[in-house]
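> got a sequence here, can you build the structure:
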Amino acid sequence: MVMTKDLANHLEMAEIKMFKSRLQAIKEIENNVMDVKMAQFDEAYAFSIKHIPGPSYNVVKGNGVCSENKLGEILNFYRGRDIAVRIDLAPQFVNATSLKKYHEAGLYQSDFHATLYCNLDSEVREMADHSSIKIRQITESEFNNYGKIYVEGFDMPAFLAENVARNNKVLHDKPGWSFYIASLNNEDVGIGSLFIKNGTAILAASAIKPSARNQGVHQALIKFRIHAAIKQNCDLMIGHAKFASISQNNMERCGLKMAYTKSIWIEAN
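Next up is the predicted model:
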């Protein structure tokens, strides 16, 4: 499977579908207590959660170049919510004219982010036997534990664990979502989630406690989810990671390969 613009577009739309599913579920919590809002500008999709600050869910995905004539509307969407704009721009949508317009609008490229993929028919690695690492799909009652591991793994304040648990628990019964906890020597130390739609799977999130890193837990969670996707008849796996990060390294060790890097554009202060 070689990279083409059609395949790249498929990878982007799969991520957009995952974001839509997640934010729609969070929007349904207590009559949208988190203040979720989504908007579409041509082929660009703007996602926003007012009460979850930061870029994780406050982001534009899709064909931002196609929407360059609506860039002002996109910026106003986030300004009206007092949220900093972030546009994840995949290379198949880029041209010199649009990048110049981004610059003229007061945006600048601040970072890169990697998109990875593999064909599950031919490139998947066999599961290794880690007798000290056990992985289980969690029940609804375990999301508090999931939230605690998540915030510790991402070095977030402990008081956010309850919100993380709630915002993931709401997805427990939603189509396509699965959640996992990994234990090392009988201690729960890692989490991972998986999203599947129309035969395409996404490594949705993963975090490992600092005390359990460099012991194979992250790779084991990747491989476990790959095989969970195969069991559900998926033929494509997608992953996302900070460029050249340990997460990207581990995905590559588990059979994924680089699709492309996205450029991250934000508004100058």
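> if I look at residue 83, how far off is residue 55?
9 Å (CB to CB, to the nearest Å). Placement of C-beta: from N, CA and C, glycine included.
> so for these two, which residue has more residues nearby?
residue 83 (20 against 15; other CB atoms under 10 Å).
> contacting residues around the more buried one?
Residue 83 makes contact with 48, 50, 53, 58, according to CB atoms under 8 Å, 6 or more residues apart in numbering.
> how much space is there between the third one and residue 84?
Relative to residue 84, residue 53 is positioned 9 Å away (CB to CB).
> looking at these two, which is more packed in?
Set residue 53 next to residue 84 and count neighbours by other CB under 10 Å: residue 84 wins out with 14 against 11.
> which SS class is the more buried one?
With DSSP: H, G, I helix; E, B strand; the rest coil as the basis, residue 84 sits in coil.
> wait, what's in contact with it?
For residue 84, the contacting residues are 55, 58, 78, 266, 267, by CB under 8 Å, 6+ apart.
> so what's it scoring on pLDDT?
As predicted, residue 84 sits at a pLDDT of 94.
> how near is it to residue 59?
Distance from residue 84 to residue 59, by CB to CB: 10 Å.
> the strands in the stretch 51-200 of the chain, which residues?
Ranges of strands in the stretch 51-200 of the chain, per DSSP state E, counting those that start in this stretch, are 59-62, 86-89, 107-119, 133-137, 177-184, 187-197, 200-208.
> in its sheet, which strands sit next to the fifth one, and in what direction?
Going back to what we said before, that points to strand 177-184. strand 133-137 (antiparallel), strand 187-197 (antiparallel) (DSSP bridges).
> list the buried ones in the last one?
So that's strand 187-197. 188, 189, 190, 191, 192, 193, 194, 195, 196, 197 (16 or more other CB atoms under 10 Å).
> same question for stretch 91-111.
So stretch 91-111, judged by 16+ other CB under 10 Å, has buried residues 92, 93, 98, 99, 102, 105, 107.
> my guess is the fifth one contacts residue 264. True?
No. Judged on CB atoms under 8 Å, residue 102 makes no contact with residue 264 at a distance of 11.5 Å.
> need the overlap of contacts for these two.
residue 87.
> domains of the protein?
Using automatic domain parsing, the domain parsing of the chain gives 5-115+263-267, 133-234.
> nearest to residue 245, out of the ones you listed?
domain 5-115+263-267 (7.8 Å; CB to CB).
> between the two ends of that closest one, how far is it?
By CA to CA, to the nearest Å, the extent of domain 5-115+263-267 from end to end equals 27 Å.
> any idea which helix is longest in the chain?
helix 5-27 (DSSP state H).
> if we can go back for a sec, any idea which of the buried residues of strand 187-197 is closest to residue 30?
Nearest member of the buried residues of strand 187-197 to residue 30, counting by CB to CB, is residue 193, at 22.1 Å.
> partner residues bridging residue 114?
Bridge pairing for residue 114 - DSSP bridges - gives residue 241, residue 261.
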